[in-house]
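Student: quick one, fold the following:
(4 chains, ligands or ions: 6)
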Amino acid sequence: MNQEDFKKWIKQVNERIQEQKEYLSELDGAIGDGDHGVNMARGFQEVVNRIETFENPDIGALLQQVAMTLIGKVGGASGPLYGTAFLKAAGVLKGVTECTQSDLILALEEGLKGIKMRGKAEVGDKTMIDVWEPLLSKWKENPETSLKELKAFTAECMEGTRHLEAKKGRAAYLGKRSIGTLDPGSVSSYILFDTLFSNLEDVAS
Amino acid sequence: MNQEDFKKWIKQVNERIQEQKEYLSELDGAIGDGDHGVNMARGFQEVVNRIETFENPDIGALLQQVAMTLIGKVGGASGPLYGTAFLKAAGVLKGVTECTQSDLILALEEGLKGIKMRGKAEVGDKTMIDVWEPLLSKWKENPETSLKELKAFTAECMEGTRHLEAKKGRAAYLGKRSIGTLDPGSVSSYILFDTLFSNLEDVAS
Amino acid sequence: MSVGIVLVSHSHELVKGLADILSQVQPDVKIGIAGGTEEGDIGTSAFKIKSAIEAVDDGEGVAVLFDLGSALLNAELAQEMMDSESKIVFCDAPIVEGAYAAVIEAGIGGSLEEVVQSAEGVKTVSKLAGQN
Amino acid sequence: MSVGIVLVSHSHELVKGLADILSQVQPDVKIGIAGGTEEGDIGTSAFKIKSAIEAVDDGEGVAVLFDLGSALLNAELAQEMMDSESKIVFCDAPIVEGAYAAVIEAGIGGSLEEVVQSAEGVKTVSKLAGQN
Ligand SMILES: Nc1ncnc2c1ncn2[C@@H]1O[C@H](COP(=O)(O)OP(=O)(O)O)[C@@H](O)[C@H]1O
Ligand SMILES: Nc1ncnc2c1ncn2[C@@H]1O[C@H](COP(=O)(O)OP(=O)(O)O)[C@@H](O)[C@H]1O
Ligand SMILES: [Mg+2]
Ligand SMILES: [Mg+2]
Ligand SMILES: [Mg+2]
Ligand SMILES: [Mg+2]
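Tutor: Ligands and ions are numbered 1, 2, ... in the order given. Here you go, the predicted model:
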C-alpha cells in the first residue's frame, strides 16, 4: 500500500461512517451518551477534507495528519483513542512510502498499544479493543489468512462485544445492563478494518 | 418594643451594614469569598425597602417579612442563617404587638436555635454563633445587665472570634490560617445586637 | 416517571452546563437546576431551589446535589418551606460526578434510594482508573 | 507565583461557572478552563486542554481537575503533546469540590503536591456535616 491507497482507505472509512452515523449514535445512546456516530462523522469528515490536498508520499506523515485531526475534532473518548492509535501507527510508518503487510500489521499493533495505554482497558472490557486485539493477534500469527476470513473474524469480534459487560468507558456505569448491546466503538473499529481489508483486496487484484 | 421600634432597629442595622459593607467584605475576603458585606448590604437594603410600607402592628409578621427577604436576597450562607433566625424569632412573636425584654430574649434564643439547627455549628467554630450564644446566655441569666455592659460584651464576643480556628463555613477550608481575622458573620451579628441595644436605650429613655 | 434530580450551585452557568451533559446521557430524566442568586450573582437562593425541586417532583422523589455547604443550608431551608409530602434527599456526593451516576440510575428506573446510593457511591471510585 | 489550576469538562459553561466561583474566593490564583469540543459542543479537546495548561503554568506546576474519564484521556494526550517540562498532575478528585479546595491551597502558596492533596482530600469529607 502506498500513500494513495491509505488515502483511499480513509476516504472509504469516512463514507461508511457517514452512512452508519445514526446507527453508531443509536448504539451509543443505549449504553453511553449517544454521540459516537456524530463524533466519528465529524472527525472523519474533517480528516478527509484535510488530506484531500495532502501531497507528501510519506505514509507516516499522512497518518500523523489523520491522528491530529481526529484528536482535534472527534470530541469523545474515541477521539484520543483513535487519535493515539493513528499517532502510534504513524510513528512506525514514518518515512515509509510503500507499506508491506508486515509493516501494516506492525503499525496497527503499535496503534493498539496506544489505545490500551490511553484507555487502560483490556480485552473483555467491551471496548474497541475487543476488535483490535484478537484481530491483530490472529493476523500476525497467521499472516496468510485470507482477507475474506479476516473480514468474517472482524465481524465476529464486533458481535462478541454484545454479550460483554462494560468495564471501561461510559457504558461501565450501566454494569450488567450494558449486556445485550454492541459496543459502538467496536462497530466503528469494525468499519475501519472491514474497509481496510476491502482495500487490500483491491490493491492485490 | 412595638412594631415601630423594631422597624427603627432594622433600619439602623441597614444603615450600619451599608457603612460597613466594604469592611465586612474585606474580612470575608481574608478567610472566605469576600462577599459578606455585599450579601448583607443587598439583603438589608431590600428588607428596608419592603418594610417601609408595612402597616401590620404584629411584630411576628414584621420579622417574618424580614426573614423572607433575607432568605431571598442575601445569597450567601448568612442568608439562610439570618433568615432562619428571624423566622424562628417571628414564630415566638407572632401576634405580639408589644414585646417585653423577656419576650425579646426568648425570641432571640429561638433565633439562635434556628442558626444552630441550620448551620450545625457550635460555640467555638468561629461563626456568628460565637456572638449570639454567649451574649444571649449572659442576658438571660442576668436580665438586669446594663445595656452598656451588654454592648461591651457583644464587642468582646466579636473580638473573641479573632483567635479562633474556623470549623464551619468557608473559612474552615483555611484551617489554622483562619486564625487572626475576625469572623465576618460575627461582625454583622455584632452590628445587629449593638444597634438593638442602642435602640433599647432610646426606648427606655 | 422517574426520580428527579436537582442540581444546586453557586453559579447558574455551572449547573446549566452540567444539565447539558446529563441530558445528553439521559434525555428522559427530569433535571432541575438552581444556580446563583435571584439576581444571577454567585450564591444560592432557597426560593430557586424550592421551585427546582417542585418542578421535577412527580412523586418518585427527588435527589438533590449541591456544590458547597452554603448551598446545602439554602436547600434545607427550601425543603422546610415546602408544604408537599415530597421525598427529598440531599446527596453526600460530588455534584458533577454524583449527578452523572444519579442520572444513569434514575434513567434505568432506580428508586430514590438507589439513585442516592449511586450518587454517593462515586466517592469510592478512582477517577484515574479508566472508567469514563 | 502559585500553582495553576486547570478545569476540564465536557461543557464550557460548567467550567466557566466553576471558574467564576473560584475567582471569587481566590482572585490571584491562575485558573485555566477547557470545556467542550472545539466547536463548543459537549465533549473535550486535547488541544484546548493543552492551551489551558500552558496558559496557567508559570513554573510552579499545574493541577488538572476533570469531570469524566473521557476528559482524562484527552488531558493525558494533551500532556504528551506538550514539549515543556511542566509539572502536571491529574487529580483523583471531584472537579467542583476538589477545585475549591485546590484553589484555596494554591492561594496560600501551597506546593503542587499540597494542592493536589487538598483536592483529593475532599473525597473523605462529608458534605452534609456542615463545613461550607
Ligand atoms: N477506556 C477505554 N478504552 C478503550 N476504548 C474505550 C474506552 N472508553 C471508551 N472507549 C471506546 O469509545 C467508545 C465511545 O466513544 P464516544 O461515544 O465517541 O466517546 P464518549 O464515550 O466520550 O462519548 C466506546 O464504545 C468504546 O469502544
Ligand atoms: N455553618 C454555619 N453556622 C453558623 N454560621 C455560619 C456557618 N457558615 C457560615 N456562617 C457564618 O456566615 C458568615 C459568612 O457569610 P457569607 O459570606 O454571607 O456567606 P458565604 O460564606 O456563603 O459567602 C461567616 O462569617 C459565619 O459567621
Ligand atoms: Mg459517546
Ligand atoms: Mg460523548
Ligand atoms: Mg462570603
Ligand atoms: Mg458567598
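Student: what does stretch C:85-95 rub up against?
Tutor: Residues outside stretch C:85-95 that contact it (C-beta atoms under 8 Å, 6 or more residues apart in numbering or on different chains): C:7-9, C:18, C:53-54, C:57, C:60-67, C:72, C:75-76, C:79, C:82, C:98-99, C:101-102, C:112, C:116, C:119-120, C:122-123, D:94-98, D:122-123, D:126-128. Placement of C-beta: from N, CA and C, glycine included.
Student: and those residues, which are buried?
Tutor: For the contacts of stretch C:85-95, a burial check counting by 16 or more other C-beta atoms under 10 Å in any protein chain shown picks out C:7-9, C:18, C:53-54, C:57, C:60-67, C:72, C:75-76, C:79, C:98-99, C:101-102, C:112, C:116, C:119-120, C:122-123, D:94-98, D:122-123, D:127.
Student: which of the contacts of stretch C:85-95 fall within helices?
Tutor: If you go by DSSP state H, the contacts of stretch C:85-95 have C:18, C:53-54, C:72, C:75-76, C:79, C:98-99, C:101-102, C:112, C:116, C:119-120, D:95-98 in helices.
Student: for whatever residue of chain A ends up closest to chain C, grab the count of nearby residues.
Tutor: Nearest residue of chain A to chain C: residue A:120, at 3.6 Å (C-beta to the nearest C-beta). When neighbours are counted by other C-beta atoms under 10 Å in any protein chain shown, residue A:120 registers 18.
Student: ok, now residue C:40?
Tutor: If you count neighbours by other C-beta under 10 Å, residue C:40 ends up with 12.
Student: is ligand 4 within reach of the lengthiest helix in chain A?
Tutor: In chain A, with assignment by DSSP H, the single longest helix is helix A:184-204. No. On the criterion C-beta under 5 Å from the ion, helix A:184-204 is out of touch with ligand 4, staying 10.4 Å away.
Student: how about stretch A:21-40?
Tutor: Yes. Using C-beta under 5 Å from the ion, stretch A:21-40 comes into contact with ligand 4 via A:33, A:35.
Student: buried stuff in that stretch?
Tutor: A:21, A:24-25, A:27-40.
Student: how about residue 128, nearest residue that isn't a chain neighbour?
Tutor: As the question left the chain open, I've gone with chain A. residue A:185 (3.8 Å; C-beta to C-beta, 6 or more residues apart in numbering or on different chains).
Student: ah, I was thinking of chain C
Tutor: Per C-beta to C-beta, 6+ apart, closest to residue C:128 is residue D:92, 4.8 Å.
Student: torsion angles phi and psi at that neighbour?
Tutor: Backbone torsions for residue D:92, taken as degrees, to the nearest 10, come to phi -90, psi 70.
Student: likewise for residue C:14?
Tutor: phi -60, psi -50.
Student: from ligand 1, how far off is it?
Tutor: Residue C:14 is 20 Å from ligand 1, where distance means C-beta to the nearest ligand atom, to the nearest Å.
Student: those residues of chain A touching ligand 6, which are they?
Tutor: Residues of chain A lying near ligand 6 (C-beta under 5 Å from the ion): none found.
Student: how about the residues of chain A near ligand 3?
Tutor: A:28, A:32-33, A:35-36, A:76.
Student: could those residues go into TSV alongside pLDDT?
Tutor: Putting these into TSV (pLDDT from 0 to 100) gives the following:
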residue	pLDDT
A:28	98
A:32	95
A:33	96
A:35	96
A:36	98
A:76	94
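Student: right, and out of the residues you listed, which lies closest to residue B:169?
Tutor: Using C-beta to C-beta, residue A:33 comes nearest to residue B:169 of the residues of chain A next to ligand 3, at 37.0 Å.
Student: can you verify that closest one is assigned to a strand?
Tutor: No. The assignment for residue A:33, made by DSSP: H, G, I helix; E, B strand; the rest coil, is coil rather than a strand.
Student: that one and chain D, how far apart?
Tutor: 8 Å (C-beta to the nearest C-beta, to the nearest Å).
Student: list phi and psi for that residue.
Tutor: Backbone torsions for residue A:33, taken as degrees, to the nearest 10, come to phi -110, psi 10.
Student: verify the stated contact: it with residue C:25.
Tutor: Yes. Applying C-beta atoms under 8 Å, one finds residue A:33 in contact with residue C:25, separated by 4.6 Å.
Student: any residues in contact with both of those two?
Tutor: Shared contacts of residue A:33 and residue C:25, counting by C-beta under 8 Å, 6+ apart, come down to residue A:170.
Student: report pLDDT for residue 104.
Tutor: I went with chain A, as the question did not name one. Here the pLDDT value assigned to residue A:104 is 97.
Student: my bad, chain C
Tutor: pLDDT for residue C:104: 96.
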